[in-house]
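Peer 1: Fold the following for me, if possible:
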Amino acid sequence: MKIKILLIIFLLAAFAALFFFSSKDTKNNNAGVDAFNKNDFADAFDILNNEAVKHPDNINIVKNAAGAAYKTGDAETAEKLYEGLLQKYDISNSDKAEVLYNLANAKFKKGEYAEAEKLYKEALKINPADKDPKYNLEFLQNMMKRQNKQPQQNKDDVQKNLDKNRQQQEENKQKSENSKEKEQQAQQQENESRQEKDDAQKNREELQKQMNSEQDEQERENLKKEIENQQNKEEQASQKEQESAAEKQQERQNQQELSKEDKRLKAEEKDLEKQLKEAQQRERQENAKKQKTDNKKPDDNTKKQKENASKSEEARRKEAEERSKNKELAKDKADSQQKQKELEQQMRNLEKEADTPENRKMKEELKKEIKKQKEVQRNIDKQMRQNDEKIAQQQQKQQALQKEKEELEKESKKESGQKSESDKTNYAHIDTILNYYNEEDKKSEKLRHKQLTPVLEQSGKDW
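Peer 2: Residues are numbered from 1 along each chain as shown. Predicted coordinates:
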C-alpha cells in the first residue's frame, strides 16, 4: 500500500515539474513573440533563439526564431534554421509548406532567386490555396524578367559601380569605428556618473547619521544644507548616468544598422565582381571577333591605338597603386590616432592622481609619445597628399589618352569609309543589387510576409 502511495506521489511530482517547465518555455517563447510584434526584432531573436537552442525539438519555437532572424536582416541564420527543420523532422504538410515559403523568402533576400523560385513552387504544390507564395512567385518571376531585359553594362561602367561600392564600404567601416568609440566614451561617462552618484549617496547617509546624533540646532541646520547639497549631486549624477546609458544604447543600434548595410554592400560587391568578369569576357570575345573579320595588316593608326591602350592601362595601374598606398596609409593613420587617444586618456588619468616625481616622469614620457604620434600623422598626411597629386596626374594622363583614342578611332573610320556611330547607348548605373524595379514597383508592397504568433495558438501562422 505504501509503495502505491509513493508511486502516485512520484508521478504527481513529475507531472507538476513537467507542467511547470513546459509553461515556462511557452512563456519565454511568447515573450519573444511580444517583442517581435513590437518590432523589437533583435530582442525577439535573442529570446527565441535561446529557447530554440534549449528545445531544438520544438518546431514552433524554431520557426519563430527563424522568423525573428529574418526580420533582423540575418537571412543566413534564418535559412539555416528553416533548412534544419526540413532535414531533421518529419513535419506535417501544412508546416512543411509554411517552412518552404519562409525559406524561399530568405533565399530571395540573399539574392538566390532561382532557388527561391523553386521553393515557392514546392510550397504551392503542397498548399495550392495559399495566396502568399503565389503572389511572391509572380513578383519574383516578373522581377527576373525585367532584370534579364536590362542592357548589359560595359566594363568601365561596372568598374565605376564597383569602385563606388568599395568606397561606401570604407565609409561604412569608418562610421562603425566612430560609433564604437562613442559607445566606449558613453560607457566611461556612465561609470563615472555612477561612481559620483554612489559617492554622493554615501556622503548623504553619513551626514544623515551625524545629524540624527547632533544636539546643536545650528550644526543640525548646517548638516541639513549639506545633505540637500549631496542629494542634488546625487540627482545630477543619476541624470548623467541615464543620459550616457541612452547614448550608449543609441550607438549600439547604429552599429547594428551599419552591420546590416555592410552585409548588403558585401553582397553587392560580390555581384558586381561577377558582372565585371562577365563584361571583361564579353569584351575579349568581341575583340577576338573583330580581329577575325579584319584581314587588313596593321597600319600606323592601329599601332598608335595599341600604344594608346597600353599607356592607358599603365596609367590606370599606377593610379590603382597610389590608391592602394593611400588606403594603407589611412589605416596607419587611424591606428596612430587610436594610440594617441589611448595615451591622452592615460595622461588624463594621471592628472587626477597625486603629483609625485614618478607621475611627473610618466607624464613627460606620455607627452613625448603623443608628440611622436602627431608627427607620424603629419608625415602620413604629407605622403597621402603626394600620392593624391600622383593620382591626379595619372587621371589627367588618362583623359588626354582618351581624347587621343577618340581621334585615332575617327581617323581609322574615315580611312576605312565607315561612318562613325552617331549615338552611344548610355547605361544607367546599378547602385544596389535589387535596383531592378520600375517606379511603380517601388511603390508596391514587394514581398509578402506572415506574422509570428505564440506557440499556444497552433492554428495561426508563425510568419
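Peer 1: Next up, the contacts around the residue sitting nearest the centre point of the chain.
Peer 2: What sits nearest the mean C-alpha location of the chain, by C-alpha atoms, centre = their mean, is residue 259, with 1.7 Å. With contacts defined as C-beta atoms under 8 Å, 6 or more residues apart in numbering, residue 259 is in contact with residue 176. Every C-beta, even on glycine, is put in place using the N, C-alpha and C of the backbone.
Peer 1: Quickly find the element holding it.
Peer 2: helix 217-293 (DSSP states H and E).
Peer 1: Could you identify the helix or strand that succeeds that helix?
Peer 2: helix 300-352.
Peer 1: Can you get me a residue count around residue 218?
Peer 2: 8 (other C-beta atoms under 10 Å).
Peer 1: try residue 124
Peer 2: Count around residue 124 with other C-beta under 10 Å applied: 19.
Peer 1: by contact count, what packs against the helix or strand it falls within?
Peer 2: Per DSSP H and E: residue 124 is located in helix 113-126. Here helix 113-126 touches helix 93-110, helix 131-149, going by 3 or more C-beta pairs under 8 Å, 6 or more residues apart in numbering; DSSP states H and E.
Peer 1: roughly how far is it from the heart of the chain?
Peer 2: Centroid separation between helix 113-126 and its chain, computed with C-alpha atoms, centre = their mean, to the nearest Å, is 28 Å.
Peer 1: average pLDDT for it?
Peer 2: Averaging pLDDT along helix 113-126 yields 91.
Peer 1: residues of that helix that come out buried?
Peer 2: Across helix 113-126, burial judged by 16 or more other C-beta atoms under 10 Å covers 113, 115, 116, 117, 119, 120, 122, 123, 124, 126.
Peer 1: Could you point out which of the residues you listed is nearest to residue 230?
Peer 2: Nearest to residue 230 among those: residue 116, at 63.6 Å, using C-beta to C-beta.
Peer 1: pretty sure that closest one is touching residue 102, no?
Peer 2: No. Assessed by C-beta atoms under 8 Å, residue 116 is found out of contact with residue 102, at 11.0 Å.
Peer 1: Can you give me the separation between residue 292 and residue 286?
Peer 2: Relative to residue 286, residue 292 is positioned 11 Å away (C-beta to C-beta, to the nearest Å).
Peer 1: Run through the residues that contact residue 115.
Peer 2: 104, 107.
Peer 1: Next: residue 398.
Peer 2: Counted by C-beta under 8 Å, 6+ apart, residue 398 has contacts 312, 315, 316, 319.
Peer 1: Quick check: which of the helices and strands packed on helix 113-126 is nearest to residue 358?
Peer 2: helix 93-110 (58.4 Å).
Peer 1: Direction-wise, compare the closest one with helix 131-149 and give the angle.
Peer 2: Per axes from the mean of the first three to the mean of the last three C-alpha atoms, to 10 degrees, the angle that helix 93-110 makes with helix 131-149 is 30 degrees.
Peer 1: So for residue 267, what's the pLDDT?
Peer 2: 89.
Peer 1: now residue 264
Peer 2: pLDDT, residue 264: 90.
Peer 1: What's the local residue count around it?
Peer 2: Residue 264 - counted by other C-beta under 10 Å - has 18 other residues nearby.
Peer 1: Out of the helices and strands packed on helix 113-126, which is the most enclosed?
Peer 2: Comparing these by mean neighbour count (mean count of other C-beta atoms under 10 Å), helix 93-110 comes out on top with a mean of 22.
Peer 1: can you give me the mean pLDDT across it?
Peer 2: On average, helix 93-110 scores 88.
Peer 1: same deal with stretch 51-64?
Peer 2: 81.
Peer 1: Okay, the closest residue to residue 124 other than its chain neighbours and residue 172: tell me how far apart.
Peer 2: Leaving aside its sequence neighbours, residue 124 sits nearest to residue 133 (C-beta to C-beta, 6 or more residues apart in numbering; 5.3 Å). In this view, residue 133 and residue 172 are 34 Å apart by C-beta to C-beta.
Peer 1: just residue 119 next, same as before
Peer 2: Distance from residue 119 to residue 172, by C-beta to C-beta: 31 Å.
Peer 1: out of the helices and strands packed on helix 113-126, nearest to residue 39?
Peer 2: helix 93-110 (17.7 Å).
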